[in-house]
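Engineer: Mind folding the following:
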Amino acid sequence: NKPLAFELHLVAKHPYFEQRGLAPETVNHFGLGLAEKGLMRGRICVPIHDHLGNLVAYAGRALDAKSAEEGGKYKLPANFHKMQVLYNYHRAKDFPTVIIVEGFFDCFKVHQAGFPNVCALMGTAMSDFHAGLILKTFTQVVLMLDNDPAGKRGTRDILNRLYDKIFVRVVRLEGFNGASQPDQLSEREL
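Structural biologist: So this is what the prediction gives:
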């Protein structure tokens with residue numbers, strides 16, 4: 001993923017953030033906002049940085065079911081390789097422990113609850129690149145993937161890959177007031 005030569009102008013004040021339980025400080029910290037023009041127009045945009053902190057892409061989140069159906073829930077650039085980016089690594093790399101979640105909003109909510117050492121896989125699969133960064137940087141891993149079949153498979157696969165190389169702890173979301181993924185938990189539950 002090559003660094004971008006531009007930055008999108010994003011509008012940080014949007015009711016969607018409050019609906020998702022994100023504080024303005026969290027929105028500003030991650031540089032989130034609504035794109036008003038271009039390919040991501042009408043979508044909530046998430047700036048994505050590589051492990052060195054270079055801006056390499058934007059992910060655009062659809063705001064309604066019709067947009068999601070037409071263009072996908074998330075829109076990513078055509079040549080973007082998500083398996084080569086561990087989302088938020090450039091901010092979390094100075095901590096000894098990393099919390100691994102699946103998605104952007106999981107990452108935002110865990111961070112907002114006071115755990116800035118969180119990274120998102122942007123899915124359930126851990127690539128060789130992800131594993132290499134984790135093993136090189138951290139001494140402990142906390143897995144907090146979604147409590148659905150894909151998240152359970154992903155947790156099992158990651159455990160099989162890392163269990164004999166680094167201390168791994170799994171946080172299961174069963175029994176947390178019906179929450180099945182980290183972004184559904186209240187800050188008190190996190």
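Engineer: Please count neighbours and contacts with C-alpha atoms only from this point.
Structural biologist: OK.
Engineer: Could you pull out the helices in the protein for me?
Structural biologist: 15-19, 24-30, 65-71, 89-92, 104-112, 128-137, 149-162 (DSSP state H).
Engineer: excluding its backbone neighbours, what's nearest G53?
Structural biologist: H90 (5.3 Å; C-alpha to C-alpha, 6 or more residues apart in numbering).
Engineer: Contact partners for the one you found?
Structural biologist: By C-alpha atoms under 8 Å, 6 or more residues apart in numbering, H90 lies in contact with 49-53.
Engineer: among the residues you listed, who's most crowded?
Structural biologist: H49 (22 neighbours; other C-alpha atoms under 10 Å).
Engineer: Spatially nearest residue to that residue, not counting backbone neighbours?
Structural biologist: Nearest to H49 is L55, by C-alpha to C-alpha, 6+ apart, at 4.3 Å.
Engineer: Quick check: which ranges of the protein have low pLDDT?
Structural biologist: 174-190 (pLDDT under 70).
Engineer: Return the residue of it that is most distant from the centre.
Structural biologist: Among residues of the chain, the one most distant from the C-alpha centroid is D164; the distance is 25.4 Å, by C-alpha atoms, centre = their mean.
Engineer: where along this structure do the strands fall?
Structural biologist: With strands called from DSSP state E, the chain shows them at 10-11, 33-35, 44-49, 55-61, 74-75, 97-101, 118-120, 140-143, 167-170.
Engineer: ok, the second one: who's next to it in the sheet?
Structural biologist: The reference is to strand 33-35. strand 10-11 (antiparallel), strand 44-49 (antiparallel) (DSSP bridges).
Engineer: I'd like these as JSON lines, with distance to P96 appended.
Structural biologist: Output for the strands paired with strand 33-35, formatted as JSON lines (distance: least, C-alpha to C-alpha, whole Å):
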{"stretch": "strand 10-11", "distance to P96": "33"}
{"stretch": "strand 44-49", "distance to P96": "20"}
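Engineer: before we move on, back to that, looking at the contacts of H90, which two lie furthest apart in space?
Structural biologist: Pairwise distances across the contacts of H90 peak at 7.5 Å for H49 and L52 (criterion: C-alpha to C-alpha).
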